[in-house]
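# Kindly generate the corresponding structure for this input.
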Amino acid sequence: MQSTKLASRSGWRWLPLLAGLVMMLWSAGGARVEAHAYVVRSDPPAQAVVPTAPATVSIWFSEWLEPSATTAKLIDQRGQEVPGTSYRIGEPKQLIITLPGGLANGTYSIVWRNISQDDGHPANGYLPFTIGTFADVQAVAPPVEAADTAGAPQWLRTTARWLAFLGLFGAVAVWPVWCLVLAGPLRRVRGAMLAALPVIGRVAVGAVLLALLGNLAALLVQAAEPGGDYTNALRETIEHTRYGTLMLWRVGLLTLHALVLSFVLWQQPWKRLPVTGLAMLTSAALVAPFSLNAHAAAQPAGRGFAIASDMVHLGGASIWAGGVAVLLIVLVGLWRRVPPADTRAVVVGAIPRFSALAIAAWICIAATGAYAAWLDVGSVDAARDTAYGRTFLIKMALALLLLGVGAFHLWFITKRVSRQSEEGRVWTRRFQVLLGVEVALLLAIVLVTGRMTSLPPAREADAPAPAQPGITRELQANGIAGVLLISPGETGQNVIRLQLVSDAIPADAEALLRLTGPDPGMGTHEITLTADGPGVWSTSGSHLSVDGNWSIDAIVRKVGAFQWQASTRVELASGSGGTASGGESQPAPWHLGDLAILGLVPLMLIASVIGYWIALGRHSNLPPEAEAEAEVRPLQSGKQARLRPGSGRR
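Sure, this is the predicted structure:
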């Protein structure tokens with residue numbers, strides 16, 4: 001028994017190692033979240049020049065907007081808010097901003113912030129336009145409000161979703177795994193059922209409590225996204241957002257599931273078929289509110305099938321991930337309460353049963369995951385070049401490693417555990433270690449999944465952003481970020497603007513640019529910028545007068561007190577306009593229609609048949625020593641009645 005405990009502890013040592021590895025990979029992806037409900041078009045368009053001030057500005061987004069969590073304001077070219085601006089939701093995806101009268105000529109920006117009603121994700125940005133003529137165009141640095149992180153930080157979003165998924169997986173898996181995997185082998189081993197019942201009871205209660213805790217954490221994080229007064233934002237999130245409605249459904253279904261589990265017959269799950277079937281149904285229903293608030297719910301076409309497919313995917317992942325955890329906890333509890341030979345008999349019976357369930361889950365996960373990858377990633381370049389794509393690749397690598405561990409359990413360990421020898425006892429202990437490794441890998445996968453759900457799909461992140469005026473270069477030095485804008489960004493007359501975002505910049509610091517032209521004979525010349533406000537300097541003129549690649553050194557300094565310097569290069573040409581788009585977007589993906597939902601039923605049936613044939617059909621003739629030495633009858637009148645050894649299956 002001492003060696004078994006040591007093996008258990010050695011298995012759990014993998015948990016912090018795997019978690020630490022994935023946390024590093026997760027953090028390396030950056031903390032900035034791109035838009036989810038991103039701008040599709042606007043009237044007037046971004047960077048448009050209009051002769052007179054429009055009465056309203058309309059912006060259309062890719063997803064439905066939460067009215068209570070959508071804001072907009074107008075700022076001028078100096079970054080000052082213009083009073084008298086109002087906004088409202090027109091169509092579900094349209095934001096209408098009413099401008100005040102009497103606006104002077106110049107460049108303005110609409111700064112907006114929203115939360116998607118489809119998937120609950122926050123987004124922010126700005127839309128610049130100019131009133132007057134081309135001569136009135138000013139280079140405008142991205143407003144601080146459009147790039148801030150008023151909402152929850154990325155690590156907190158990921159952690160909250162991780163906890164919610166952990167609780168969901170455990171709550172979904174506990175009853176199916178008990179009925180289909182553990183109850184049968186336990187009833188065939190003397191004393192095993194009585195030893196396992198307190199353990200599975202604690203697992204069920206713990207899974208429901210963890211699910212409630214995870215949902216509470218997710219709700220508290222979601223309420224921080226709009227910014228402003230947190231108490232009011234929390235109330236608004238619960239009462240007036242789709243996310244809050246679905247969160248109430250999560251809690252309600254969990255409560256119903258816990259209530260049903262309190263009435264099932266754990267000793268003989270199949271004796272009360274109506275209650276057992278209802279518990280299976282509530283287990284499956286737990287995934288619905290998650291899928292209704294996932295990326296699938298934001299699909300512009302084929303939304304019904306995307307949500308149904310996501311439900312199958314999430315259900316399969318819950319059975320697989322949660323099932324491994326349930327199996328490990330119950331077997332660890334059993335190892336401490338019954339003799340090693342009886343434990344080995346339970347393991348021999350449980351491995352092929354769970355493998356059948358896991359193989360069916362893997363097939364469903366693979367089929368629905370491939371479709372989700374097509375919708376959300378779409379190309380190798382998007383997988384490689386976006387945060388969502390790279391996270392997806394990490395998840396796939398961990399899943400393949402986990403699949404290898406599962407296959408090793410089925411085809412290698414089962415035969416060795418079933419042997420009545422020292423080798424069988426050794427492999428029983430090794431199986432415990434490998435289950436610990438598998439749980440560690442699953443925790444890592446769930447963490448990566450939590451990050452994926454907090455990021456925009458790769459297709460969105462890879463889509464072209466609304467064009468911004470002129471040439472924009474992001475600069476970084478001494479831990480201080482800066483933005484250099486050149487408008488219109490072509491050879492000849494330009495407005496040049498430099499902005500730094502930091503409280504460490506002295507109020508009287510000077511800013512200058514050192515310009516080195518494409519012709520070495522031109523040398524380097526220096527221009528001094530005029531201060532326009534805290535951290536903002538600008539100038540205008542024909543300093544960039546030759547086509548080609550210019551080198552620019554931006555310097556902000558105060559002698560003896562402050563020094564900041566960063567370099568960049570810009571390519572200029574006559575009449576180029578210098579306006580950069582976000583690049584070419586992928587074509588819109590094809591979608592399966594809602595009628596395809598009917599195809600998910602045969603998918604699950606075929607997956608179940610394949611899982612049964614591979615895992616159980618191939619192991620129907622286990623060696624005699626794999627059979628349990630005794631069987632426990634159902635508990636009757638509080639007494640345990642035992643059958644003779646070899647009395648067969650019940």
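
# contact partners of the helix or strand residue 247 falls within?
Residue 247 is part of helix 242-261 when elements are defined by DSSP states H and E. Helix 242-261 is contacted by residues 66, 115, 117-118, 120, 171, 174-175, 204, 208, 211-212, 215, 218-219, 222, 237-238, 275, 278-279, 282-283, 285-286, 288-290, 292-293 when judged by CB atoms under 8 Å, 6 or more residues apart in numbering. For every residue, glycine as well, the C-beta is placed using N, CA and C.

# Any quick PyMOL command for the buried ones out of those residues?
Applying 16 or more other CB atoms under 10 Å to those, the buried members can be selected in PyMOL as follows:
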select buried, resi 66+115+117+118+120+171+174+175+204+208+211+212+215+218+219+222+237+238+278+279+282+283+285+286+288+289+290+292+293
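
# for whichever helix or strand comes after the helix holding residue 247, what is the average pLDDT?
Remark: after helix 242-261, the chain's next helix or strand is helix 273-285, criterion DSSP H and E. Taken as a whole, helix 273-285 has a mean pLDDT of 94.

# where does the stretch 451-600 of the chain dip in pLDDT?
454, 458-470, 575-588 (pLDDT under 70).

# sec struct for residue 490, please.
coil (DSSP: H, G, I helix; E, B strand; the rest coil).

# pretty sure it contacts residue 570?
No - under the criterion of CB atoms under 8 Å, residue 490 is not in contact with residue 570, lying 10.5 Å apart.

# In stretch 249-263, which residues are buried?
249, 250, 253, 254, 257, 258, 260, 261.

# what's the angle from the helix holding residue 247 to helix 273-285?
150 degrees (axes from the mean of the first three to the mean of the last three CA atoms, to 10 degrees).

# how far is helix 242-261 from where the chain is centred?
Distance of helix 242-261 from the chain centroid (CA atoms, centre = their mean, to the nearest Å) equals 21 Å.

# can you dump the C-alpha coordinates of that helix into PDB?
Taking C-alpha atoms only, helix 242-261 is exported to PDB below (Å, rounded to 0.1, in the frame of the first residue of the first chain):
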ATOM      1  CA  ARG A 242     -27.900  38.100 -22.900                       C
ATOM      2  CA  TYR A 243     -24.800  36.900 -21.100                       C
ATOM      3  CA  GLY A 244     -26.600  37.400 -17.800                       C
ATOM      4  CA  THR A 245     -29.600  35.500 -19.000                       C
ATOM      5  CA  LEU A 246     -27.500  32.500 -20.100                       C
ATOM      6  CA  MET A 247     -25.600  32.600 -16.800                       C
ATOM      7  CA  LEU A 248     -28.900  32.300 -14.900                       C
ATOM      8  CA  TRP A 249     -29.600  29.300 -17.200                       C
ATOM      9  CA  ARG A 250     -26.300  27.800 -16.200                       C
ATOM     10  CA  VAL A 251     -27.000  28.100 -12.500                       C
ATOM     11  CA  GLY A 252     -30.600  26.800 -13.000                       C
ATOM     12  CA  LEU A 253     -29.500  23.700 -14.900                       C
ATOM     13  CA  LEU A 254     -26.800  23.000 -12.400                       C
ATOM     14  CA  THR A 255     -29.300  23.200  -9.600                       C
ATOM     15  CA  LEU A 256     -31.700  20.900 -11.400                       C
ATOM     16  CA  HIS A 257     -28.800  18.400 -12.100                       C
ATOM     17  CA  ALA A 258     -27.800  18.400  -8.500                       C
ATOM     18  CA  LEU A 259     -31.500  17.800  -7.500                       C
ATOM     19  CA  VAL A 260     -31.800  14.900  -9.900                       C
ATOM     20  CA  LEU A 261     -28.500  13.300  -8.800                       C
END
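
# so for that helix, what's the average pLDDT?
93.

# Please convert the buried residues of stretch 249-263 to CSV, extending it with distance to residue 51.
Below are the buried residues of stretch 249-263 laid out as CSV (distance: CB to CB, whole Å):
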residue, distance to residue 51
249, 51
250, 52
253, 57
254, 59
257, 62
258, 65
260, 67
261, 69
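
# Closest one to residue 533 out of these, please.
Distance to residue 533, by CB to CB, is smallest for residue 250 among the buried residues of stretch 249-263, at 46.9 Å.

# Output the below-cut-off pLDDT ranges for the stretch 1-150 of the chain.
Residues of the stretch 1-150 of the chain that meet the cut-off, pLDDT under 70, sit at 1-37, 134, 139-150.

# what do you get if the cut-off is 50, keeping everything else the same?
Applying pLDDT under 50 to the stretch 1-150 of the chain flags residues 1-35, 147-149.

# Show me the helices in it, by range?
For the stretch 1-150 of the chain, applying DSSP state H, counting those that start in this stretch gives helices covering 2-12, 14-28, 144-147.

# mind checking how far the residue nearest to residue 114 when sequence neighbours are not counted is from residue 83?
The shortest distance from residue 114 to any non-neighbouring residue, by CB to CB, 6 or more residues apart in numbering, is to residue 70 (4.3 Å). Residue 70 sits 20 Å away from residue 83 when distances are taken as CB to CB, to the nearest Å.

# ok, the two, which is more surrounded?
More neighbours surround residue 70 than the other of residue 70 and residue 83, with 21 against 8 (other CB atoms under 10 Å).

# Give the full set of residues in contact with the more buried one.
87, 89, 95, 112, 113, 114, 115 are the contacts of residue 70 under CB under 8 Å, 6+ apart.

# Tell me where the longest helix sits in the chain.
Longest helix in the chain, counting residues (DSSP state H): helix 340-376.

# what helices or strands is the next helix or strand after that one leaning on?
Following helix 340-376 in sequence order, the next helix or strand is helix 380-385 (DSSP H and E). Helix 380-385 sits against helix 387-408, helix 458-461, with contacts defined as 3 or more CB pairs under 8 Å, 6 or more residues apart in numbering; DSSP states H and E.

# rewinding a little: which of the buried residues of stretch 249-263 lies closest to residue 314?
For the buried residues of stretch 249-263, the nearest to residue 314 is residue 250 (12.6 Å; CB to CB).

# any idea how far that closest one is from residue 290?
Taking CB to CB, one finds residue 250 at 7 Å from residue 290.

# Would you mind confirming that residue 220 is in contact with residue 231?
No - between residue 220 and residue 231 there is no contact under CB under 8 Å: 11.6 Å.

# The two: who's more crowded?
residue 220 (15 against 9).

# Distance of that one relative to residue 180?
35 Å.

# now residue 257
Residue 257 is 17 Å from residue 180, by CB to CB.

# so residue 531, which of the three states?
Residue 531 - assigned by three-state DSSP - is strand.

# Nearest spatial neighbour of it, chain-adjacent residues omitted?
In space, residue 531 is closest to residue 537, 5.4 Å off (CB to CB, 6+ apart).

# Quick one: residues contacting the spatially most central residue of the chain.
The centre of the chain sits closest to residue 453, judged by CA atoms, centre = their mean, with a distance of 1.9 Å. Contacts for residue 453 (CB under 8 Å, 6+ apart) come out as 161, 294, 295.

# export those residues to JSON lines and tack on distance to residue 594, secondary structure and neighbour count?
Listed next are the contacts of residue 453 as JSON lines, based on distance: CB to CB, whole Å; DSSP: H, G, I helix; E, B strand; the rest coil; neighbours: other CB atoms under 10 Å:
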{"residue": "161", "distance to residue 594": "27", "secondary structure": "helix", "neighbour count": "23"}
{"residue": "294", "distance to residue 594": "17", "secondary structure": "coil", "neighbour count": "23"}
{"residue": "295", "distance to residue 594": "18", "secondary structure": "helix", "neighbour count": "25"}
